[in-house]
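J.: Show me how the following folds:
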Amino acid sequence: MRVPSVVGMLTGITISQIYVPDQDAALDFYVGKLGLEVVTDMAFGPMRFLTVAPAGRPDRQVLLEKPGPPSMSEETAAEVRQAISKGVAGGHLFLACDDAYRTHAELKEKGVEITEEPVDQPYGIDFGLRDPFGNHLRIAQLKQG
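T.: Numbering: from 1, shown residues only. Model (predicted):
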């Protein structure tokens, strides 16, 4: 069976999404502690559409979405919030930096919950952390080439 070619059809991923129960607290963490920048913060019908991105990279946005209507019922949103707090909601972000040891030290100084110290991996040096809600994040200094 021959699969049709899709070269050129998709050109990138512009917005990824994670659930955050409190968007103001999420801004404090993702902007105040991690140093991301707000790209969009607007009322969009019954929801607040809030995206952040690394400085100068609005093509790499993360939607900080509060669980609830219109995408889910309030009952389901309560279940999602509980799953997030247990760290099992599936929210993961993988971020890059220029100096993993310096970034680790700066985040630790800011009180960020570090879940794994920097480790030398085949692809670079990375470490793990959690946001205030339970979402998992990894920050890596990637090897060149």
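
J.: Break down this protein into its strands, ranges please.
T.: Shown for the chain, the strands assigned by DSSP state E span residues 15-19, 37-44, 47-53, 61-65, 92-96, 113-121, 124-130, 136-142.

J.: Identify, out of those strands, the most deeply packed stretch.
T.: With neighbours taken as mean count of other CB atoms under 10 Å, these reach their highest mean count in strand 61-65, at a mean of 22. Using the backbone N, CA and C atoms, a C-beta is placed for each residue, glycine as well.

J.: for the protein, what helix or strand is lowest in average pLDDT?
T.: The weakest-scoring helix or strand in the chain, judged by mean pLDDT, DSSP states H and E, is helix 74-86 (a mean of 88).

J.: quick one: contacts for the residue nearest the centre of the chain?
T.: The structure's the chain has its C-alpha centroid closest to residue 93; by CA atoms, centre = their mean the separation is 4.1 Å. Residue 93 is in contact with 16, 18, 62, 135-138, counting by CB atoms under 8 Å, 6 or more residues apart in numbering.

J.: switch the cut-off to 7 Å
T.: 18, 62, 135, 137 (CB atoms under 7 Å, 6 or more residues apart in numbering).

J.: Could you list the buried residues of stretch 63-72?
T.: 63-68 (16 or more other CB atoms under 10 Å).
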